[in-house]
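Q: after the sequence you'll find the predicted model.
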Amino acid sequence: MNASQETGSDTPIKTHIIWAHPRTDSLTARVVSGLKAEAQNNHMSVSELDLYRADFDPALHEADEPDWKDPAKTFSPHVMHLAESLPGVDHLVIVFPVWWYSMPAMLKGYIDRVWNYGLVYGGGKKLPVSSIRWIALVGGARGHFEKHQKHHYMEDLLNEGIAKYCGVENSSVTFLYNTIALEEDTDDLAKLHETLIDQARSVVSALA
Ligand SMILES: Cc1cc2nc3c(=O)[nH]c(=O)nc-3n(C[C@H](O)[C@H](O)[C@H](O)COP(=O)(O)O)c2cc1C
């Protein structure tokens with residue numbers, strides 16, 4: 001039974017996927033395809049913001065600088081449009097490759113510009129979604145990543161520094177490890193990638 005069946009509502013759960021990767025044949029893109037298929041299997045409605053194909057400009061220009069004295073500031077039309085498309089979304093799923101223990105500049109720029117003061121935080125605002133699921137593809141092995149506490153560092157950044165600051169307490173990060181399998185003996189990379197895609201799909205099925 002999904003949440004809409006539980007409440008007796010006919011409105012499907014709305015999941016919005018935001019993702020960043022330069023290539024449409026990347027593992028990141030394949031993870032996104034798997035997530036969309038899983039959402040549809042679970043009768044969710046799915047929308048998507050593919051930041052690269054949308055030609056999103058990640059650089060924050062003057063029009064999108066927050067005005068700390070004016071939470072009612074109107075930002076650039078594109079930013080206003082993207083912020084206005086968020087209400088009505090139940091779950092945000094954000095998919096990206098880990099680059100330098102962080103997110104690609106494209107995704108960082110989306111957050112810098114769209115999750116802006118007075119739009120999704122500050123002045124009594126919160127990000128109008130009930131949960132955020134971050135799916136981070138990690139090139140290296142889990143053991144190496146965890147040994148250096150990089151998972152805690154990234155969880156703190158994403159769950160506390162960003163999601164909670166924007167008013168969303170229900171936020172978690174799923175790491176898909178070993179995507180390039182350089183550090184471990186992996187004789188079948190294709191099989192490993194299928195396992196990672198399944199791991200990501202289980203994040204969406206748990207939301208249903
Ligand atoms: C600029 C750049 C920085 C990277 N930094 C890291 C890193 O800090 N830690 C890590 O484990 N992998 C790192 N990687 C490897 C990526 O995480 C890996 O290429 C990605 O997970 C593979 O997914 P894809 O095929 O969809 O690109 C980096 C890759 C690039 C291009």
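A: Received the coordinates, thanks. Residues are numbered from 1 along each chain as shown.
Q: near the ligand, which residues of this protein show up?
A: Counting by CB under 6 Å from any ligand atom, the chain comes close to the ligand at 21, 26-28, 97-101, 137-140, 179-180. The way it works is simple: take the backbone N, C-alpha and C, and place the C-beta from them, glycine included.
Q: which ones among those lie within helices?
A: Among the residues of the chain next to the ligand, DSSP state H puts 27, 28 in helices.
Q: which of the residues of the chain next to the ligand are buried?
A: In the residues of the chain next to the ligand, burial by neighbour count holds for 21, 27, 28, 97, 98, 99, 137, 138, 140, 179, counting by 16 or more other CB atoms under 10 Å.
Q: state the pLDDT value of the first one.
A: Same thing as residue 21. Listed pLDDT for residue 21 reads 98.
Q: verify the stated contact: it with residue 30.
A: No - using CB atoms under 8 Å, residue 21 makes no contact with residue 30, being 9.9 Å away.
Q: in whichever strand or helix holds residue 78, which residues are buried?
A: Counting by DSSP states H and E, the element that carries residue 78 is helix 77-84. By neighbour count on 16+ other CB under 10 Å, the buried set for helix 77-84 is 79, 82, 83.
Q: likewise stretch 161-169?
A: Neighbour-count burial for stretch 161-169 [16+ other CB under 10 Å]: 162, 163, 166, 168.
Q: now do stretch 61-74
A: 64, 66, 71, 73.
Q: what sits against the second one?
A: When you say that, I think you mean residue 66. Residue 66 is in contact with 73, 116, 117, 118, 122, counting by CB atoms under 8 Å, 6 or more residues apart in numbering.
Q: not counting its neighbours along the chain, what's nearest the fourth one?
A: Nearest in space to residue 118, with sequence neighbours left out and distances taken as CB to CB, 6 or more residues apart in numbering, is residue 71 at 3.4 Å.
Q: tell me which element that neighbour falls in.
A: Secondary structure (DSSP H and E) places residue 71 outside all helices and strands.
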